[in-house]
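I would like the atomic coordinates for the input below:
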Amino acid sequence: MEEKLRVLFLCTGNSCRSQMAEGWTRALKGDVIEAYSAGVETHGLNPDAVQVMAEAGVDISGHKSKLVGEFMDLPLDVVVTVCGHAHETCPYFPRKCRVIHVGFDDPPKLAKDLEQEGAGKEEQLDCYRRVRDEIKAFVEQMPDNIMN
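Predicted coordinates for the structure are as follows:
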């Protein structure tokens, strides 16, 4: 049996985008990819991300917000930075670990901007849903899109 590809999704606070990516990867590609997520900081799990993932049939409610340092000794194959800040501050990973950047919009920031404009909760959640679906589309192309 071939060993699974080890992929870490890295974001600023490991609260939303990286958690969604880990959830989708475990759900859709768990047979070939061992997925993890972390942040350069920890901000806790975003409840709106949990909600929209549950709507899509993926439960991430048991995930925890983790620091990237927890994974420095794990023999990772690929680190995928999902936000600009994480990409700019991504630490050096030992071994032959590829680091690639795939930026996704920040749903909490988009939702906050909409809230300030008077948008309701459903419109704010639509920001999370859009990014959730973009991350799903990315994960569906794995591992080809991260190994070439």
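
tell me which helix or strand the closest residue to residue 11 other than its chain neighbours sits in.
Distances taken as Cβ to Cβ, 6 or more residues apart in numbering place residue 18 nearest to residue 11, at 3.7 Å, with adjacent residues excluded. Quick note: C-beta positions are derived from backbone N, CA and C, even for glycine. Using DSSP states H and E, the element containing residue 18 is helix 17-29.

other SSEs contacting the lengthiest helix in the chain?
As far as residue count goes, and with DSSP state H defining each element, the longest helix of the chain is helix 121-140. Contacts defined by 3 or more Cβ pairs under 8 Å, 6 or more residues apart in numbering; DSSP states H and E place helix 121-140 against helix 17-29, helix 47-55, helix 107-116.

so which residues make contact with the very next helix or strand once past the first one?
Scanning the chain past helix 17-29 towards its C-terminal end, the next helix or strand to appear is strand 33-39 (assignment: DSSP H and E). Strand 33-39 is touched from outside by 4-15, 18-19, 21-22, 25-26, 29, 63, 65-68, 70-71, 74, 76, 86, 142-143, with contacts defined as Cβ atoms under 8 Å, 6 or more residues apart in numbering.
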